[in-house]
Each structure stands twice: as C-alpha cells, then as structure tokens.
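Asks: Turn this into a structure:
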Amino acid sequence: MLKNLIYLEHLSIKIRGTEVDAYDLSSIDLFLPKALKSLKLQPLDEQDATHFIKKLSDEREIPMNLSNCSFGGFTLVRLSLVLDVITDRLMNSITSSLPLLVDLDLEDRPCFEPKLPLDLTNNGLQSLISCRHLTHLSIVRSRLNSPVSFKRVNDMGIFLLAESSKDLESIKLGGFSKVTDAGFSSLHHSSHKLKKLEIRNAPSLSDMAFHEITGVVELKLQSCPLVTSESISELASSITLELLDTNGCRSIADHCIEYISCVSTLTSLNLGGADITDSGLDILSRADLPLTHLSLRGCTRVNDRGIICLFNAELKIKKTLLSLDIGYMPGISDRAIRAIVSSCDAISELCMRYCFYVSDASLRMLAKSDSKLRKLDVYHCVGLSDGIVEVMEVGFFRGLRWFGAGGTLAEKGGFGRVCERRPGLTVCFEGCEIGCHDGWQFHKYNDGY
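Replies: Numbers count the residues shown, from 1 in each chain. The predicted structure follows:
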C-alpha cells in the first residue's frame, strides 16, 4: 500500500493485538518512502524496533553535511514509539541511525521490573549528545502494566542530558524515580529555550526544583507527591505561563489557588486529585482567568457549592471554557450540572465519570440546552438509567461526536440503533478517556460503536 506513496511525509501505525505481543516489521520498512519525515508506531518489541531502525539507516544514505541534506537523503525528523521496554541498545540505535531527529517520543510499558542489559541507564541518555538538532524530547516509563520506573538513571544522567541538549524547547520525563531536585532543576536552568516541561511519577521531586523557573509556557507536574503549593508560588509572577497541570499532586491545597490567580495568562488548568475545597474555587472565581480548559477530577472535597460559586458570577470563564472535567467527584449532583448548563455557553467537552449522584435529569438538561457539546463522558454514572438511549433517539445532542456510556444501565443494543441513524457518533463502552485518545486507545474487547 505504501509503495506508491513516494511523497508521504507523515505515517502513524497502530498494530492491533495484545500489548505484550512482538511484531514483525519487515513488511513495513521495505516500503517506507524516502520523503517520510514523521513516523509513529505502537506497540513494538524493543528488539524488533532496534533492528528496524538500524535497517532504515542501512538502506538510506545519511548526508555528510546535515545542514544541507537534499530531498533524496535521510529525512526522518520525528519518531514516536511505544515499546515493551526502553534500553540503552535502542537509544544507541536511534541516535546513531537518525542524526536529523528534531522530535523523539519514547514510551515503554514493562510488565515487570527490567533487568540489565535490557534497561535504560545514564549511558543511554548520554547517547542523545549526537542528536544535535533535537528540540522536543519525551521519555516515559508507563505504569500501565506494572508499577515500574527507570531505576538506573540518576542525577548524573540528567546532568549529561541537560548539558548536551541546551536547545531543547520541550521536555517530558516520566518514571525517573532516582532523579532528585538537583537533576530536574538542571533542565530548566540549562535549556534557555525551554517552553514546555512535563515531569511524571517523580517521587523525589519537591518544591526546591522550581526555584527561579522562568519563561515556561506549559508546566505539567503529574503524580509528584512531594510537590506542594509552594512550587506554584514561584510561578505567581509569570507572564508566559499558559498551561498548568498538577494532576495527582495531592499536597496542592486551597492557598495554591491564590498563586494561580495571579497568572493572568493562564488558559488551561488541571488540579486533578488536589486537596482543594469549595473555598479554593471561590478564590478561583474572583481571579476571573480566561480559562478554556479546567480539570477538577478527583477533587473529592469539592461539592455542588464550589461549582455553583465558580460559575455564578459574571466571569470570563463562562464565555471561554471549552473543556471541563469533574469526574471522580462524589459530591457532584444535578445541582452542579444545572449551574454548568446555565452558565457555560461554549463548552464542547464535558467529563463527569464516576459522579454517582448525577441522574437522568442532568442529561435532559444538557440535551435541552443550546449545547455545543461534541464529547460527553458519563462512564460509571450509576445514577443514570437506560433512558439515556431514549434521549439520544429523540434527536437531542445533534452536535455530539463521542459519548462514553460504559458502566451505566444503558444497553449496547439500544445505542446500536442510535449509531445507525447517526454515523458521525462514536459510543464507547470501554471506559476510555474522552475521544479514545483520537483512536490510539487500546481496546481489549473492541467494544463500542
């Protein structure tokens, strides 16, 4: 199929099957166009990926002068792989075979704790020195299959990375459990062009790492237990910050909102799992920030009163908010949904999964409003009856393109009839996040319409 697409520049392939299978890539690399600039593959076996990348370089001429490579030369500049494990061998293969890389995105999902030599160490990170054009780097060890981390990378490995990659504009690191504040802080101190920084599952990361952090546009600190509201105090004077994500940082409390309220440029805020209360949302409502995306997922101390307070006044957020996540909040009921429906004119994505006290009344309110909803997630809202199928059949939610209905009393057969009449609508029963990650979500049972 790819043989005749000689000018193809972007290719994404998701191989269907179980997450732990190994796949033969020989049929792919034979037909990759030389013009290809961006390649995304998942899932892959590390050994197959290593041989595949080496074969790519063997079959294509790497230009001697990287600054003046011709159209017919080696053009791949973006690589994204999801693997069973990331190793030094893989990193060496990538860096030696793909010297023009600008964007490297690697994620692994081990089923058990990796052992040497099949693991990433400081040496593997050091090999990135040869990728002199690199501006975007993402290396993540996922805990999807097992609670694992990069235990063989420490501060020294991050120091070497920071010193050799000063042109990085975006850095995403996940699962580096042995790296401390010293290592993480070196990234934003050394990379003067850094605009996006994301750190996940870093148990040793604390407030000290963010002293004098400046110029960042997007900052994501996810599941970092030692990060508190004091980290955010360093950002209160920021004139560049547009996105802040502290999802899973459970030491974030109400007084953090006071610092956030000072960042007038902020448009996206994720406080998932924070220890905030209705009082925190009251502070946020007085800030009047132009938020387009807001997530309060898992903020279990927030109830209807906080949501009503947030949307009750004449605030910018009522006109600007496009996406709202109030999932996993047991204190949310129909009263909060009524406030959202009556106030948020522009909202197109709404997640209220695991909101046990949301009933059919909420869905009817959403259906009858002049809603611009495109994606709606009611997964495991056990207060909903099979009447939600009837609401869809009547013809409401005409603009809806994705609906997460798993875990409710609604029967799949009923939605089958709805989707036959509305081919543009996807109904998911798998419990996927909104949009099924744009089709890249792994579906074990391939349920849905």
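Asks: shaky segments in the stretch 1-150 of the chain?
Replies: Counting by pLDDT under 70, the ranges of the stretch 1-150 of the chain that qualify are 1-2, 16-31, 58-74.
Asks: Do I have it right that residue 245 meets residue 224?
Replies: No - checked against C-beta atoms under 8 Å, the pair residue 245 and residue 224 is beyond contact range at 11.0 Å. Any C-beta I mention is one placed from the backbone N, CA and C, and that applies to glycine too.
Asks: ok, and the closest non-adjacent residue to residue 401?
Replies: residue 374 (4.9 Å; C-beta to C-beta, 6 or more residues apart in numbering).
Asks: Isn't that neighbour up against residue 397?
Replies: No - contact criterion C-beta under 8 Å: residue 374 and residue 397 do not qualify, at 9.5 Å.
Asks: Now stretch 100-111: buried residues?
Replies: With burial defined by 16 or more other C-beta atoms under 10 Å, the residues of stretch 100-111 counted as buried are 100, 101, 102, 103, 104, 105, 106, 107, 108, 109, 110.
Asks: Of those residues, which is the nearest to residue 80?
Replies: residue 105 (4.0 Å; C-beta to C-beta).
Asks: hmm, back to that, tell me how many other residues crowd the residue nearest to residue 401.
Replies: 18 (other C-beta atoms under 10 Å).
Asks: can you tell me how far it sits from residue 407?
Replies: 21 Å (C-beta to C-beta, to the nearest Å).
Asks: And residue 245 and residue 224? Which one has more around it.
Replies: residue 224 (25 against 20).
Asks: hang on, the more buried one in a helix?
Replies: No - looking at residue 224 with DSSP: H, G, I helix; E, B strand; the rest coil, it is coil, so not inside a helix.
Asks: Could you pull up the contacting residues of it?
Replies: With contact taken as C-beta atoms under 8 Å, 6 or more residues apart in numbering, residue 224 is in contact with 199, 200, 201, 202, 203, 205, 248, 249.
Asks: what does residue 255 give?
Replies: Taking C-beta under 8 Å, 6+ apart, one finds residue 229 in contact with residue 255.
Asks: That one sits in which helix or strand?
Replies: Element membership of residue 255 [criterion: DSSP states H and E] is helix 254-260.
Asks: next SSE after that helix?
Replies: Next element after helix 254-260 (DSSP H and E): strand 268-270.
Asks: ok now that next one, how far from the chain's centre?
Replies: 12 Å (C-alpha atoms, centre = their mean, to the nearest Å).
Asks: Tell me the helices and strands packed up against that strand.
Replies: Strand 268-270 is packed against strand 243-245, strand 293-295, with contacts defined by 3 or more C-beta pairs under 8 Å, 6 or more residues apart in numbering; DSSP states H and E.
Asks: need these in TSV with distance to residue 142, can you?
Replies: TSV is the format used below for the helices and strands packed on strand 268-270 (distance: least, C-beta to C-beta, whole Å):
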stretch	distance to residue 142
strand 243-245	17
strand 293-295	20
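Asks: To residue 277, which of those lies closest?
Replies: strand 293-295 (16.1 Å).
Asks: So which residues make contact with the helix or strand just after that closest one?
Replies: As assigned by DSSP H and E, the chain's next helix or strand after strand 293-295 is helix 304-310. Outside of helix 304-310, the residues within contact range by C-beta under 8 Å, 6+ apart are 277-282, 284-285, 317, 326, 331-333, 335-336, 339-340.
Asks: Any buried residues in helix 304-310, and which?
Replies: Those would be 304, 305, 306, 307, 308, 309, 310, for helix 304-310 by 16+ other C-beta under 10 Å.
Asks: Can you tell me which of these is nearest residue 434?
Replies: Closest to residue 434, out of all of these and judged by C-beta to C-beta, is residue 307, at 18.8 Å.
Asks: Give me the distance between that closest one and residue 132.
Replies: Taken as C-beta to C-beta, the span from residue 307 to residue 132 is 49 Å.
Asks: about what we covered before: rebuild the buried residues of stretch 100-111 as CSV, extending it with secondary structure.
Replies: Formatted as CSV, these follow (three-state DSSP):
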residue, secondary structure
100, coil
101, coil
102, coil
103, strand
104, strand
105, strand
106, strand
107, strand
108, strand
109, coil
110, coil
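Asks: Pop out the phi and psi values for the closest residue to residue 266 other than its chain neighbours.
Replies: What sits nearest to residue 266 in space, not counting adjacent residues and going by C-beta to C-beta, 6+ apart, is residue 289, at 5.3 Å. The phi/psi pair for residue 289 (degrees, to the nearest 10) reads phi -80, psi 150.
Asks: got it, and residue 173?
Replies: Torsion angles, degrees, to the nearest 10, at residue 173: phi -130, psi 130.
Asks: shouldn't it be in contact with residue 196?
Replies: No - taking contacts as C-beta under 8 Å, residue 173 lies outside contact range of residue 196: 11.8 Å.
Asks: Give me the more crowded residue out of the two.
Replies: residue 173 (25 against 17).
Asks: Contacts only, for the more buried one.
Replies: Per C-beta under 8 Å, 6+ apart, neighbours of residue 173: 138, 139, 140, 179, 184, 198, 199, 200, 202.
Asks: give the contact list for the fourth one.
Replies: By C-beta under 8 Å, 6+ apart, the contact set of residue 179 is 153, 154, 155, 157, 158, 173, 202, 204, 205.
Asks: and if we set it to 6 Å?
Replies: 155, 158 (C-beta atoms under 6 Å, 6 or more residues apart in numbering).
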